[in-house]
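1. no sequence on this one, just coordinates:
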Ligand SMILES: C[S@@+](CC[C@H](N)C(=O)[O-])C[C@H]1O[C@@H](n2cnc3c(N)ncnc32)[C@H](O)[C@@H]1O
């Protein structure tokens, strides 16, 4: 028997869109202060720090898993790397495609769930997944599967570098942010709740686009899972990775109790 959902539920469902759909054309504006160029340099220094510089000079194939609108992927490609960039959101990939055409920088773009990643095996010297993209993989078994697929995409000796929001960050409402300055073409207010039982942080993201009578509003619900450090290490090991290091983001310092973002560096073993 088909039951009609209560109208309150229907209007709620209509009121919000899936993550990274309606906001895709405005993502780069909202993230305009993100220092992607410094992130690229940091990633390359991490590879160097673990003796991977010569591998990356010989093998220029880089995979960006959850590339978003492709800003970082395009920076690597502009430096002569052959970049494959994958994202689950067709709308984000569309933005990346538009930028790739405008800038005339070639990118191989694929709409894929990272847990179902399907790329040429044993090809890439480096896989990156930055800006807490993997926190969006909210089921540990799916993260395990993503790690397995990434492992198989790397050449033996290839590097996997990703960052995650820590449980501390998600618990302490790091996502609660707003920019409601009426002078800005895109305004936003984000509010989060954290569920200790499921380790899930649910963020209601409201955006206002345009001004005056032309203003439109969109709302997206984003869900991230907090992964404990030990859990990440176990998932990496189970996927066949050698864990190399975990650092306080954008530094070469070890993790602290106050760390809100971790960079993980792992390697597909040589044999
Ligand atoms: C915060 S954005 C970061 C995007 C990009 N890495 C950056 O630095 O701007 C997170 C991205 O992860 C993508 N994403 C979330 N879950 C995914 C999944 N299971 N597979 C692939 N991409 C995913 C989203 O569509 C979104 O583009």
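-> Received the coordinates, thanks. Predicted model, so just to flag it, every value in this text is computed and none were measured.
2. direction included, what does the strand or helix carrying residue 64 pair against?
-> For residue 64, the element it lies in under DSSP states H and E is strand 61-65. Under the criterion DSSP bridges, strand 61-65 sits next to strand 82-87 (parallel), strand 124-129 (parallel) in its sheet.
3. okay, buried residues for stretch 25-34 please.
-> Buried positions in stretch 25-34, judged by neighbour count with 16 or more other Cβ atoms under 10 Å: 26, 27, 30. No exception for glycine: its C-beta is placed from N, CA and C like everyone else's.
4. okay if I get the residues you listed as TSV plus pLDDT, secondary structure and distance to the ligand?
-> Putting those into TSV (pLDDT from 0 to 100; DSSP: H, G, I helix; E, B strand; the rest coil; distance: Cβ to the nearest ligand atom, whole Å) gives the following:
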residue	pLDDT	secondary structure	distance to the ligand
26	96	helix	13
27	97	helix	7
30	95	helix	10
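5. contact residues of the chain facing the ligand?
-> Within the chain, the positions adjacent to the ligand are 20, 66-68, 71-72, 87-89, 92, 113-115, 130-133, 136-137 by Cβ under 6 Å from any ligand atom.
6. so what's the residue count around the closest residue to the ligand within the stretch 51-200 of the chain?
-> Here the stretch 51-200 of the chain gets closest to the ligand at one residue, residue 68, 2.5 Å apart by Cβ to the nearest ligand atom. Neighbour count of residue 68, defined by other Cβ atoms under 10 Å: 23.
7. quick check, it in a strand?
-> No: counting by DSSP: H, G, I helix; E, B strand; the rest coil, residue 68 is not found in a strand; it is coil.
8. spit out the contact partners of the residue lying closest to it once chain neighbours are set aside.
-> Nearest residue to residue 68, sequence neighbours excluded (Cβ to Cβ, 6 or more residues apart in numbering): residue 92, at 5.1 Å. Neighbouring residues of residue 92 by Cβ atoms under 8 Å, 6 or more residues apart in numbering: 20, 24, 27, 67, 68, 69, 70.
9. one step back: need the strands paired with strand 61-65 in JSON lines with mean neighbour count, can you?
-> Formatted as JSON lines, the strands paired with strand 61-65 follow (neighbours: other Cβ atoms under 10 Å):
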{"stretch": "strand 82-87", "mean neighbour count": "26"}
{"stretch": "strand 124-129", "mean neighbour count": "26"}
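10. and the ones you listed as a markdown table, adding mean pLDDT?
-> What follows is these, written out as a markdown table (pLDDT from 0 to 100):
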| stretch | mean pLDDT |
| --- | --- |
| strand 82-87 | 98 |
| strand 124-129 | 98 |
